[in-house]
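Undergrad: What shape does this take:
(2 chains)
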Amino acid sequence: MSAIDKLDAEALYRELLRGVRGLLKPDGLLVGIWSGGAWLAERLHQDLGLAGEAGVISSALHRDDFSQRGLSAGADHTKLPFEIQGRHIVLVDDVLYTGRTIRAAVNELYDFGRPASVTLAVLVDRGGRELPICAACAPGTIELPAGQRLSLARDDVGKFSFEIR
Amino acid sequence: MFVRRNPQLNRNDELIHLLSIEGLPASILTHILDTAGTFLSVNERDVKKVPLLRGKSVFNLFFENSTRTRTTFEIAAKRLSADVINLDIARSSTAKGESLLDTIANLSAMHADMFVVRHSESGAPYLIAQHCAPHVHVVNAGDGRHSHPTQGLLDMYTIRHYKKDFRNLVVAIVGDIVHSRVARSDIHALTTLGAPEIRAVGPKTLVPGDLKEMGVRVCHDMAEGITGADVIIMLRLQNERMSGGMLPSAGEYFKTFGLSPEKLALAKPDAIVMHPGPINRGVEIDSAVVDGAQSVILPQVTFGIAVRMAVMSIIAGNSA
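TA: Numbers count the residues shown, from 1 in each chain, chains lettered A, B, ... in the order given. You can find the predicted model right below:
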(Lines give C-alpha, C1' and ligand atoms only; values in the text may rest on other atoms or scores of the structure.)
Protein backbone atom coordinates (compact mmCIF):
# COMPACT_ATOMS: atom_id res chain seq x y z
CA MET A 1 0.00 0.00 0.00
CA SER A 2 1.55 3.27 -1.11
CA ALA A 3 1.53 6.44 0.96
CA ILE A 4 -1.20 8.09 -1.09
CA ASP A 5 -3.66 5.22 -0.55
CA LYS A 6 -3.75 6.09 3.14
CA LEU A 7 -5.08 9.55 2.25
CA ASP A 8 -8.86 9.52 2.02
CA ALA A 9 -9.62 13.01 0.73
CA GLU A 10 -13.31 12.86 1.55
CA ALA A 11 -12.68 11.72 5.15
CA LEU A 12 -10.06 14.44 5.58
CA TYR A 13 -12.49 16.99 4.15
CA ARG A 14 -15.01 16.16 6.88
CA GLU A 15 -12.32 16.81 9.49
CA LEU A 16 -11.33 20.04 7.75
CA LEU A 17 -14.98 21.15 7.83
CA ARG A 18 -15.10 20.64 11.60
CA GLY A 19 -11.78 22.48 12.01
CA VAL A 20 -12.76 25.46 9.85
CA ARG A 21 -16.11 25.75 11.64
CA GLY A 22 -14.09 26.30 14.83
CA LEU A 23 -11.63 28.72 13.23
CA LEU A 24 -14.05 30.95 11.38
CA LYS A 25 -14.98 34.11 13.32
CA PRO A 26 -18.65 35.25 13.10
CA ASP A 27 -17.90 37.82 10.38
CA GLY A 28 -15.00 35.76 8.97
CA LEU A 29 -14.30 35.18 5.28
CA LEU A 30 -13.14 32.07 3.42
CA VAL A 31 -10.47 32.46 0.74
CA GLY A 32 -9.17 29.45 -1.20
CA ILE A 33 -5.85 29.27 -3.02
CA TRP A 34 -6.16 28.44 -6.72
CA SER A 35 -6.89 25.71 -7.67
CA GLY A 36 -7.31 22.91 -5.10
CA GLY A 37 -7.78 25.33 -2.20
CA ALA A 38 -10.45 27.18 -4.16
CA TRP A 39 -12.46 23.97 -4.63
CA LEU A 40 -12.21 23.29 -0.90
CA ALA A 41 -13.25 26.84 0.03
CA GLU A 42 -16.20 26.67 -2.35
CA ARG A 43 -17.48 23.45 -0.75
CA LEU A 44 -16.74 24.62 2.82
CA HIS A 45 -18.63 27.81 2.09
CA GLN A 46 -21.65 25.80 1.00
CA ASP A 47 -21.46 23.27 3.84
CA LEU A 48 -21.11 26.04 6.44
CA GLY A 49 -24.16 27.79 4.99
CA LEU A 50 -22.35 31.11 4.53
CA ALA A 51 -23.82 33.99 2.55
CA GLY A 52 -22.33 35.19 -0.75
CA GLU A 53 -19.43 33.24 -2.17
CA ALA A 54 -15.91 32.26 -1.13
CA GLY A 55 -12.92 34.22 -2.38
CA VAL A 56 -10.26 32.81 -4.68
CA ILE A 57 -6.64 33.86 -4.60
CA SER A 58 -3.79 33.10 -6.99
CA SER A 59 -0.16 33.09 -5.92
CA ALA A 60 1.12 33.52 -9.50
CA LEU A 61 2.01 37.22 -9.41
CA HIS A 62 4.01 36.94 -6.17
CA ARG A 63 5.84 33.67 -6.71
CA ASP A 64 9.55 33.67 -5.80
CA ASP A 65 10.48 31.23 -8.58
CA PHE A 66 9.32 33.56 -11.38
CA SER A 67 12.84 33.94 -12.76
CA GLN A 68 13.17 30.13 -13.11
CA ARG A 69 9.65 29.17 -14.08
CA GLY A 70 8.29 32.27 -15.76
CA LEU A 71 4.64 33.13 -15.80
CA SER A 72 2.31 30.16 -16.10
CA ALA A 73 -0.73 30.40 -18.31
CA GLY A 74 -4.08 31.17 -16.79
CA ALA A 75 -2.92 33.13 -13.76
CA ASP A 76 -6.10 35.17 -13.76
CA HIS A 77 -7.78 33.59 -10.79
CA THR A 78 -7.81 36.08 -7.93
CA LYS A 79 -11.46 36.94 -7.30
CA LEU A 80 -12.35 38.49 -3.98
CA PRO A 81 -16.08 39.32 -4.07
CA PHE A 82 -15.81 41.31 -0.80
CA GLU A 83 -13.67 43.93 0.96
CA ILE A 84 -10.95 42.29 3.07
CA GLN A 85 -9.98 45.42 5.00
CA GLY A 86 -10.29 44.71 8.73
CA ARG A 87 -11.82 41.24 8.25
CA HIS A 88 -10.81 37.86 9.75
CA ILE A 89 -9.77 35.52 6.97
CA VAL A 90 -9.38 31.75 6.86
CA LEU A 91 -7.02 30.89 4.00
CA VAL A 92 -7.63 27.39 2.61
CA ASP A 93 -5.30 25.19 0.57
CA ASP A 94 -5.12 21.52 -0.34
CA VAL A 95 -1.48 20.70 0.47
CA LEU A 96 0.99 22.56 2.71
CA TYR A 97 4.62 21.89 1.78
CA THR A 98 7.47 24.47 1.64
CA GLY A 99 5.19 27.37 2.61
CA ARG A 100 6.22 29.43 -0.41
CA THR A 101 2.78 29.35 -2.04
CA ILE A 102 1.22 30.56 1.24
CA ARG A 103 3.75 33.42 1.46
CA ALA A 104 2.92 34.48 -2.12
CA ALA A 105 -0.83 34.19 -1.54
CA VAL A 106 -0.64 36.32 1.62
CA ASN A 107 1.28 38.97 -0.33
CA GLU A 108 -1.39 38.88 -3.03
CA LEU A 109 -4.09 39.24 -0.35
CA TYR A 110 -2.39 42.37 0.98
CA ASP A 111 -2.63 44.03 -2.44
CA PHE A 112 -6.36 44.29 -1.71
CA GLY A 113 -6.22 45.66 1.83
CA ARG A 114 -5.19 44.92 5.43
CA PRO A 115 -7.09 42.02 6.99
CA ALA A 116 -7.58 41.86 10.78
CA SER A 117 -6.13 38.33 10.80
CA VAL A 118 -5.23 35.48 8.47
CA THR A 119 -5.48 31.84 9.61
CA LEU A 120 -4.40 28.86 7.54
CA ALA A 121 -6.37 25.62 7.09
CA VAL A 122 -5.15 22.82 4.81
CA LEU A 123 -6.24 19.29 4.01
CA VAL A 124 -2.76 17.75 4.20
CA ASP A 125 0.59 18.80 5.68
CA ARG A 126 3.49 17.05 3.98
CA GLY A 127 6.26 18.68 6.07
CA GLY A 128 9.35 20.09 4.34
CA ARG A 129 8.77 23.71 5.39
CA GLU A 130 11.23 26.33 4.12
CA LEU A 131 9.48 29.32 5.72
CA PRO A 132 8.08 29.98 9.23
CA ILE A 133 4.50 29.09 8.31
CA CYS A 134 2.16 26.64 10.02
CA ALA A 135 -1.47 25.66 9.64
CA ALA A 136 -4.07 26.09 12.40
CA CYS A 137 -5.88 23.07 10.98
CA ALA A 138 -4.30 20.20 8.99
CA PRO A 139 -6.22 16.91 9.34
CA GLY A 140 -3.84 14.82 7.21
CA THR A 141 -0.07 14.31 7.27
CA ILE A 142 2.12 12.46 4.79
CA GLU A 143 5.80 12.16 3.93
CA LEU A 144 6.75 12.07 0.27
CA PRO A 145 10.03 12.26 -1.68
CA ALA A 146 10.92 15.85 -2.62
CA GLY A 147 10.41 15.36 -6.37
CA GLN A 148 6.79 14.25 -6.05
CA ARG A 149 3.93 16.65 -6.41
CA LEU A 150 0.80 15.97 -4.41
CA SER A 151 -2.38 17.75 -5.39
CA LEU A 152 -6.12 17.56 -5.03
CA ALA A 153 -8.37 16.41 -7.85
CA ARG A 154 -12.11 16.88 -8.19
CA ASP A 155 -14.37 14.64 -10.27
CA ASP A 156 -17.56 15.51 -12.16
CA VAL A 157 -19.80 15.18 -9.11
CA GLY A 158 -17.45 17.23 -6.91
CA LYS A 159 -15.84 14.28 -5.07
CA PHE A 160 -12.25 14.88 -3.91
CA SER A 161 -9.24 12.57 -4.29
CA PHE A 162 -5.47 12.97 -4.28
CA GLU A 163 -3.06 12.52 -7.14
CA ILE A 164 0.72 12.27 -7.21
CA ARG A 165 2.84 13.37 -10.17
CA MET B 1 20.14 21.79 -43.66
CA PHE B 2 20.69 25.02 -41.78
CA VAL B 3 17.39 26.19 -40.35
CA ARG B 4 17.28 29.77 -39.23
CA ARG B 5 15.60 30.08 -35.85
CA ASN B 6 13.01 32.73 -35.07
CA PRO B 7 15.21 35.24 -33.15
CA GLN B 8 12.33 35.98 -30.77
CA LEU B 9 12.16 32.43 -29.41
CA ASN B 10 14.51 30.32 -27.29
CA ARG B 11 15.23 26.60 -27.81
CA ASN B 12 11.97 25.68 -26.08
CA ASP B 13 10.03 28.01 -28.42
CA GLU B 14 9.35 30.43 -25.58
CA LEU B 15 9.25 34.17 -26.23
CA ILE B 16 12.44 35.99 -25.14
CA HIS B 17 12.17 39.14 -27.27
CA LEU B 18 9.16 40.73 -28.93
CA LEU B 19 10.36 42.08 -32.28
CA SER B 20 7.48 41.37 -34.65
CA ILE B 21 4.15 39.55 -34.68
CA GLU B 22 5.05 37.93 -37.98
CA GLY B 23 6.14 34.33 -37.42
CA LEU B 24 4.72 33.97 -33.90
CA PRO B 25 2.29 31.07 -33.45
CA ALA B 26 -1.31 31.68 -32.35
CA SER B 27 -0.55 29.95 -29.01
CA ILE B 28 1.97 32.65 -28.02
CA LEU B 29 -0.34 35.48 -29.11
CA THR B 30 -3.20 33.95 -27.12
CA HIS B 31 -0.97 33.44 -24.07
CA ILE B 32 -0.05 37.14 -24.17
CA LEU B 33 -3.72 38.17 -24.46
CA ASP B 34 -4.74 35.85 -21.59
CA THR B 35 -1.94 37.17 -19.38
CA ALA B 36 -2.97 40.74 -20.23
CA GLY B 37 -6.39 39.90 -18.80
CA THR B 38 -4.71 39.14 -15.46
CA PHE B 39 -2.88 42.45 -15.47
CA LEU B 40 -6.00 44.39 -16.40
CA SER B 41 -7.38 43.43 -12.99
CA VAL B 42 -4.09 44.44 -11.29
CA ASN B 43 -4.64 47.96 -12.64
CA GLU B 44 -7.93 48.10 -10.73
CA ARG B 45 -6.55 47.06 -7.31
CA ASP B 46 -5.74 49.24 -4.33
CA VAL B 47 -2.07 48.38 -4.86
CA LYS B 48 -1.46 48.67 -8.60
CA LYS B 49 1.86 46.91 -8.49
CA VAL B 50 3.16 43.35 -8.60
CA PRO B 51 6.77 42.36 -7.91
CA LEU B 52 7.51 40.30 -11.03
CA LEU B 53 10.26 42.63 -12.34
CA ARG B 54 11.50 43.83 -8.94
CA GLY B 55 15.19 44.66 -9.14
CA LYS B 56 15.21 44.69 -12.97
CA SER B 57 16.17 47.74 -15.01
CA VAL B 58 14.10 48.57 -18.07
CA PHE B 59 15.64 51.10 -20.46
CA ASN B 60 13.26 52.98 -22.74
CA LEU B 61 15.30 53.79 -25.84
CA PHE B 62 13.29 56.10 -28.01
CA PHE B 63 15.35 57.07 -31.04
CA GLU B 64 12.11 58.50 -32.45
CA ASN B 65 9.68 60.55 -30.39
CA SER B 66 6.49 59.07 -29.03
CA THR B 67 5.08 60.37 -25.78
CA ARG B 68 2.13 58.02 -25.52
CA THR B 69 3.87 54.74 -26.31
CA ARG B 70 6.82 55.61 -24.07
CA THR B 71 4.50 56.57 -21.22
CA THR B 72 2.45 53.39 -21.44
CA PHE B 73 5.63 51.27 -21.47
CA GLU B 74 6.89 53.23 -18.47
CA ILE B 75 3.65 52.73 -16.53
CA ALA B 76 3.62 49.03 -17.45
CA ALA B 77 7.21 48.50 -16.27
CA LYS B 78 6.62 50.44 -13.04
CA ARG B 79 3.49 48.42 -12.24
CA LEU B 80 5.69 45.32 -12.56
CA SER B 81 8.06 46.97 -10.02
CA ALA B 82 10.93 47.47 -12.49
CA ASP B 83 13.21 50.49 -12.39
CA VAL B 84 12.62 52.49 -15.55
CA ILE B 85 15.21 54.68 -17.20
CA ASN B 86 14.03 56.89 -20.06
CA LEU B 87 16.67 57.90 -22.55
CA ASP B 88 15.91 60.62 -24.99
CA ILE B 89 18.45 59.23 -27.42
CA ALA B 90 17.33 61.48 -30.27
CA ARG B 91 18.76 64.42 -28.36
CA SER B 92 21.83 62.85 -26.76
CA SER B 93 24.60 60.45 -27.75
CA THR B 94 23.40 59.63 -31.25
CA ALA B 95 23.34 63.32 -31.99
CA LYS B 96 27.00 63.34 -30.96
CA GLY B 97 27.79 60.61 -33.45
CA GLU B 98 27.73 57.41 -31.36
CA SER B 99 26.70 54.27 -33.26
CA LEU B 100 23.64 52.26 -32.25
CA LEU B 101 25.68 49.25 -31.10
CA ASP B 102 28.06 51.45 -29.07
CA THR B 103 25.05 53.00 -27.34
CA ILE B 104 23.77 49.50 -26.54
CA ALA B 105 27.19 48.35 -25.27
CA ASN B 106 27.33 51.34 -22.92
CA LEU B 107 23.84 50.77 -21.57
CA SER B 108 24.57 47.07 -21.10
CA ALA B 109 27.57 48.08 -18.99
CA MET B 110 25.02 49.86 -16.78
CA HIS B 111 23.38 46.42 -16.21
CA ALA B 112 20.22 46.82 -18.25
CA ASP B 113 17.82 43.87 -18.18
CA MET B 114 15.42 45.00 -20.88
CA PHE B 115 15.45 47.45 -23.76
CA VAL B 116 12.23 48.94 -25.11
CA VAL B 117 13.22 50.29 -28.50
CA ARG B 118 11.54 52.77 -30.86
CA HIS B 119 13.55 53.53 -33.99
CA SER B 120 12.85 55.11 -37.38
CA GLU B 121 14.86 52.37 -39.13
CA SER B 122 13.13 49.04 -39.74
CA GLY B 123 15.09 46.22 -38.10
CA ALA B 124 16.90 48.27 -35.43
CA PRO B 125 15.38 46.26 -32.50
CA TYR B 126 16.38 43.03 -34.28
CA LEU B 127 19.98 44.28 -34.58
CA ILE B 128 20.01 45.12 -30.86
CA ALA B 129 18.59 41.71 -29.92
CA GLN B 130 21.36 40.03 -31.94
CA HIS B 131 24.13 41.98 -30.20
CA CYS B 132 23.05 42.42 -26.59
CA ALA B 133 24.02 40.12 -23.70
CA PRO B 134 22.07 36.83 -23.47
CA HIS B 135 20.17 37.84 -20.33
CA VAL B 136 18.86 41.06 -21.92
CA HIS B 137 15.38 41.14 -23.45
CA VAL B 138 14.30 43.48 -26.26
CA VAL B 139 10.81 44.80 -26.98
CA ASN B 140 10.13 46.55 -30.26
CA ALA B 141 8.08 49.70 -29.60
CA GLY B 142 7.86 50.51 -33.31
CA ASP B 143 10.55 50.31 -36.01
CA GLY B 144 10.27 52.25 -39.26
CA ARG B 145 7.51 50.92 -41.47
CA HIS B 146 8.15 47.40 -40.28
CA SER B 147 6.38 46.49 -37.06
CA HIS B 148 4.69 47.76 -33.90
CA PRO B 149 3.91 44.46 -32.19
CA THR B 150 2.55 45.74 -28.86
CA GLN B 151 0.11 48.00 -30.71
CA GLY B 152 -0.94 44.99 -32.81
CA LEU B 153 -1.44 42.93 -29.65
CA LEU B 154 -3.42 45.62 -27.85
CA ASP B 155 -5.63 45.93 -30.93
CA MET B 156 -6.18 42.15 -30.78
CA TYR B 157 -6.96 42.38 -27.06
CA THR B 158 -9.52 45.13 -27.80
CA ILE B 159 -11.15 43.14 -30.60
CA ARG B 160 -11.30 39.98 -28.48
CA HIS B 161 -12.70 41.94 -25.54
CA TYR B 162 -15.64 43.26 -27.59
CA LYS B 163 -16.11 40.50 -30.18
CA LYS B 164 -14.99 37.41 -28.18
CA ASP B 165 -13.87 35.43 -31.25
CA PHE B 166 -11.87 36.23 -34.40
CA ARG B 167 -13.25 33.48 -36.59
CA ASN B 168 -16.27 35.27 -38.06
CA LEU B 169 -14.99 38.82 -38.19
CA VAL B 170 -14.75 41.29 -41.05
CA VAL B 171 -12.05 43.80 -40.13
CA ALA B 172 -11.50 46.97 -42.18
CA ILE B 173 -8.23 48.87 -41.78
CA VAL B 174 -8.59 52.34 -43.28
CA GLY B 175 -5.97 54.86 -44.29
CA ASP B 176 -2.25 54.91 -44.97
CA ILE B 177 -1.66 51.16 -44.97
CA VAL B 178 1.57 51.14 -46.93
CA HIS B 179 3.54 53.29 -44.50
CA SER B 180 1.92 51.90 -41.36
CA ARG B 181 3.73 49.50 -39.04
CA VAL B 182 0.48 49.31 -37.05
CA ALA B 183 -1.44 48.05 -40.09
CA ARG B 184 1.26 45.49 -40.83
CA SER B 185 1.24 44.19 -37.24
CA ASP B 186 -2.57 44.08 -37.17
CA ILE B 187 -2.73 42.17 -40.46
CA HIS B 188 -0.22 39.54 -39.28
CA ALA B 189 -1.96 39.15 -35.91
CA LEU B 190 -5.47 38.94 -37.39
CA THR B 191 -4.31 36.37 -39.95
CA THR B 192 -2.61 34.24 -37.27
CA LEU B 193 -5.65 34.43 -34.98
CA GLY B 194 -7.96 33.33 -37.78
CA ALA B 195 -9.91 36.43 -38.86
CA PRO B 196 -11.45 35.37 -42.20
CA GLU B 197 -11.71 38.76 -43.93
CA ILE B 198 -9.29 41.66 -43.59
CA ARG B 199 -9.83 44.66 -45.81
CA ALA B 200 -7.23 47.33 -46.57
CA VAL B 201 -9.12 50.49 -47.43
CA GLY B 202 -7.70 53.72 -48.87
CA PRO B 203 -6.54 55.56 -51.99
CA LYS B 204 -4.25 53.81 -54.50
CA THR B 205 -1.25 55.87 -53.40
CA LEU B 206 -1.56 54.61 -49.81
CA VAL B 207 -3.08 51.16 -50.44
CA PRO B 208 -1.27 49.64 -53.42
CA GLY B 209 -2.85 46.59 -55.10
CA ASP B 210 0.05 44.28 -54.24
CA LEU B 211 -1.04 44.33 -50.58
CA LYS B 212 -3.20 41.42 -51.75
CA GLU B 213 -0.14 39.27 -51.21
CA MET B 214 -0.53 39.75 -47.45
CA GLY B 215 -3.90 38.00 -47.77
CA VAL B 216 -6.06 41.11 -47.50
CA ARG B 217 -8.85 42.40 -49.71
CA VAL B 218 -7.84 45.75 -51.20
CA CYS B 219 -10.65 48.33 -51.43
CA HIS B 220 -10.17 51.73 -53.02
CA ASP B 221 -13.79 52.62 -52.32
CA MET B 222 -14.67 53.55 -48.73
CA ALA B 223 -18.30 52.33 -48.95
CA GLU B 224 -17.20 48.95 -50.29
CA GLY B 225 -14.48 48.78 -47.64
CA ILE B 226 -16.59 49.31 -44.54
CA THR B 227 -19.94 47.82 -45.54
CA GLY B 228 -20.74 44.97 -43.16
CA ALA B 229 -17.54 45.38 -41.13
CA ASP B 230 -17.44 44.23 -37.48
CA VAL B 231 -14.30 46.19 -36.68
CA ILE B 232 -13.00 49.41 -38.25
CA ILE B 233 -9.40 50.38 -37.52
CA MET B 234 -8.72 53.96 -38.60
CA LEU B 235 -5.10 54.97 -39.11
CA ARG B 236 -3.67 58.42 -38.54
CA LEU B 237 -3.03 60.35 -41.72
CA GLN B 238 0.60 61.36 -41.45
CA ASN B 239 0.97 64.98 -42.49
CA GLU B 240 4.19 64.31 -44.34
CA ARG B 241 2.22 62.23 -46.88
CA MET B 242 0.30 65.34 -47.82
CA SER B 243 3.38 67.23 -48.94
CA GLY B 244 4.76 64.15 -50.72
CA GLY B 245 2.12 64.46 -53.45
CA MET B 246 0.31 61.31 -52.35
CA LEU B 247 -2.90 63.14 -51.52
CA PRO B 248 -4.56 66.26 -52.91
CA SER B 249 -5.61 67.87 -49.58
CA ALA B 250 -6.77 67.05 -46.07
CA GLY B 251 -10.30 68.21 -46.88
CA GLU B 252 -10.45 66.04 -49.96
CA TYR B 253 -9.16 63.05 -47.98
CA PHE B 254 -11.77 63.49 -45.26
CA LYS B 255 -14.55 63.65 -47.86
CA THR B 256 -13.45 60.39 -49.45
CA PHE B 257 -11.92 58.28 -46.69
CA GLY B 258 -12.73 60.09 -43.43
CA LEU B 259 -15.00 58.12 -41.09
CA SER B 260 -18.21 60.12 -40.64
CA PRO B 261 -21.38 58.91 -38.85
CA GLU B 262 -23.01 58.41 -42.29
CA LYS B 263 -20.22 56.12 -43.49
CA LEU B 264 -20.09 54.29 -40.16
CA ALA B 265 -23.78 53.43 -40.66
CA LEU B 266 -22.68 51.11 -43.52
CA ALA B 267 -20.84 48.85 -41.06
CA LYS B 268 -22.61 46.35 -38.81
CA PRO B 269 -24.78 48.11 -36.18
CA ASP B 270 -22.53 46.76 -33.40
CA ALA B 271 -19.26 47.52 -35.18
CA ILE B 272 -16.46 48.98 -33.06
CA VAL B 273 -14.22 51.86 -34.16
CA MET B 274 -10.53 51.77 -33.22
CA HIS B 275 -7.62 54.18 -33.74
CA PRO B 276 -4.01 53.84 -32.52
CA GLY B 277 -3.75 57.59 -31.85
CA PRO B 278 -2.90 60.36 -32.01
CA ILE B 279 -6.22 61.27 -33.63
CA ASN B 280 -6.62 64.01 -36.20
CA ARG B 281 -10.25 65.02 -35.74
CA GLY B 282 -11.78 66.09 -39.04
CA VAL B 283 -8.91 64.60 -41.09
CA GLU B 284 -9.32 60.83 -40.96
CA ILE B 285 -12.19 60.65 -38.46
CA ASP B 286 -15.17 62.82 -37.53
CA SER B 287 -15.35 64.12 -33.94
CA ALA B 288 -18.84 62.64 -33.61
CA VAL B 289 -17.42 59.17 -34.32
CA VAL B 290 -14.44 59.60 -31.96
CA ASP B 291 -16.78 60.49 -29.10
CA GLY B 292 -19.62 58.20 -30.23
CA ALA B 293 -20.99 55.02 -28.69
CA GLN B 294 -19.11 52.71 -31.07
CA SER B 295 -15.69 54.22 -30.35
CA VAL B 296 -13.34 52.06 -28.25
CA ILE B 297 -10.34 54.35 -28.70
CA LEU B 298 -9.85 55.12 -24.99
CA PRO B 299 -10.31 51.50 -23.84
CA GLN B 300 -7.51 50.68 -26.31
CA VAL B 301 -5.17 52.89 -24.27
CA THR B 302 -6.16 51.16 -21.01
CA PHE B 303 -5.73 47.70 -22.54
CA GLY B 304 -2.36 48.81 -23.93
CA ILE B 305 -0.85 49.03 -20.45
CA ALA B 306 -2.04 45.53 -19.50
CA VAL B 307 -0.77 44.10 -22.81
CA ARG B 308 2.67 45.70 -22.31
CA MET B 309 2.80 44.33 -18.75
CA ALA B 310 2.02 40.89 -20.15
CA VAL B 311 4.71 41.09 -22.83
CA MET B 312 7.39 42.33 -20.44
CA SER B 313 6.62 39.77 -17.74
CA ILE B 314 6.44 36.86 -20.19
CA ILE B 315 9.77 37.60 -21.89
CA ALA B 316 11.48 38.39 -18.57
CA GLY B 317 10.39 34.98 -17.24
CA ASN B 318 11.99 33.10 -20.15
CA SER B 319 15.74 32.75 -20.53
CA ALA B 320 17.78 32.54 -23.70
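Undergrad: only C-alpha atoms for contact and neighbour calcs from this point on.
TA: Fine.
Undergrad: pLDDT score assigned to B:Thr150?
TA: B:Thr150 is assigned 98 on the pLDDT scale.
Undergrad: typed the wrong thing, it's A:Ala75
TA: 54.
Undergrad: elements contacting the host helix or strand of B:Ile128?
TA: B:Ile128 is part of helix B:124-131 when elements are defined by DSSP states H and E. Applying 3 or more Cα pairs under 8 Å, 6 or more residues apart in numbering or on different chains; DSSP states H and E, we find helix B:124-131 packed against helix B:100-109, strand B:114-119, strand B:137-143.
Undergrad: now the closest residue to chain B within chain A, nearest residue through space, not along the chain?
TA: Here chain A gets closest to chain B at one residue, A:Gly70, 3.7 Å apart by Cα to the nearest Cα. Nearest non-adjacent residue to A:Gly70, counting by Cα to Cα, 6 or more residues apart in numbering or on different chains: B:Gly317, 3.7 Å away.
Undergrad: Name the residue of the stretch 201-320 of chain B that lies nearest to chain A.
TA: For the stretch 201-320 of chain B, Cα to the nearest Cα, closest residue to chain A: B:Gly317, 3.7 Å.
Undergrad: Please tell me the pLDDT value assigned to that residue.
TA: For B:Gly317, the model assigns a pLDDT of 91.
Undergrad: ok, so what distance separates it from A:Gly127?
TA: 29 Å (Cα to Cα, to the nearest Å).
Undergrad: Mean pLDDT per element in the chain, and the minimum belongs to which helix or strand?
TA: Since no chain was named, I'll use chain A. helix A:66-69 (a mean of 73; mean pLDDT, DSSP states H and E).
Undergrad: To clarify, I was referring to chain B.
TA: Lowest-scoring helix/strand for chain B, mean pLDDT, DSSP H and E: helix B:239-243, at a mean of 67.
Undergrad: For A:Glu15, the count of nearby residues, please.
TA: 17 (other Cα atoms under 10 Å in any protein chain shown).
Undergrad: Now do the contacts for it.
TA: Applying Cα atoms under 8 Å, 6 or more residues apart in numbering or on different chains, we find A:Glu15 in contact with A:Pro139.
Undergrad: Now do it against A:Thr101, distance only.
TA: 23 Å.
Undergrad: separation between B:Leu52 and chain A?
TA: 7 Å (Cα to the nearest Cα, to the nearest Å).
Undergrad: my guess is that residue meets A:Ala60, correct?
TA: No: between B:Leu52 and A:Ala60 there is no contact, the gap being 9.4 Å when judged by Cα atoms under 8 Å.
Undergrad: And these two? Which one has more around it.
TA: Using other Cα under 10 Å as the criterion, B:Leu52 and A:Ala60 rank with B:Leu52 on top: 28 against 24.
Undergrad: So for that one, what's the nearest residue that isn't a sequence neighbour?
TA: B:Leu80 (5.6 Å).
Undergrad: Now for the residue of chain A closest to chain B: which residues touch it?
TA: Here A:Gly70 is in contact with B:Ser313, B:Ile314, B:Ala316, B:Gly317, B:Asn318 (criterion: Cα under 8 Å, 6+ apart).
Undergrad: Point out the residues in chain B that sit beside chain A.
TA: Counting by Cα under 8 Å from any Cα of the partner chain, the positions of chain B adjacent to chain A are B:31, B:34-35, B:37-38, B:45-48, B:50-52, B:313-314, B:316-318.
Undergrad: let's see it at 6 Å
TA: B:Thr38, B:Asp46, B:Val47, B:Gly317, B:Asn318 (Cα under 6 Å from any Cα of the partner chain).
Undergrad: how far away is the third one from A:Val157?
TA: Counting by Cα to Cα, the gap between B:Val47 and A:Val157 amounts to 38 Å.
Undergrad: more neighbours, those two?
TA: Applying other Cα under 10 Å to B:Val47 and A:Val157 shows that B:Val47 carries more neighbours, namely 14 against 6.
Undergrad: Up against chain B, what does chain A have?
TA: So chain A meets chain B at A:Ser67, A:Gly70, A:Asp76, A:Asp111, A:Phe112 (Cα under 6 Å from any Cα).
Undergrad: thinking again about what came up before, from the contacts of A:Gly70, which would you call buried?
TA: Listed as buried from the contacts of A:Gly70 are B:Ser313, B:Ile314, B:Ala316, B:Gly317, B:Asn318; burial here means 16 or more other Cα atoms under 10 Å in any protein chain shown.
Undergrad: Check which residues of the helix or strand where the first one lies are buried.
TA: This points to B:Ser313. Counting by DSSP H and E, the element that carries B:Ser313 is helix B:297-316. When neighbours are counted by 16+ other Cα under 10 Å, the buried residues of helix B:297-316 are found to be B:297, B:300-301, B:303-316.
Undergrad: I'd like the residues of chain A next to chain B as CSV, with distance to B:His119 appended.
TA: Shown next, in CSV, are these (distance: Cα to Cα, whole Å):
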residue, distance to B:His119
A:Ser67, 29
A:Gly70, 28
A:Asp76, 34
A:Asp111, 37
A:Phe112, 39
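Undergrad: Tell me the spacing between A:Arg21 and A:Ala121.
TA: 11 Å.
Undergrad: Kindly report the same for A:Gly158.
TA: Counting by Cα to Cα, the gap from A:Gly158 to A:Ala121 is 20 Å.
Undergrad: Which one of those two is surrounded by more residues?
TA: A:Ala121 (27 against 10).
Undergrad: Tell me which stretches of the stretch 1-150 of chain B form helices.
TA: Taking DSSP state H, counting those that start in this stretch to define them, one finds helices in the stretch 1-150 of chain B at B:26-42, B:67-79, B:100-109, B:124-131, B:149-163.
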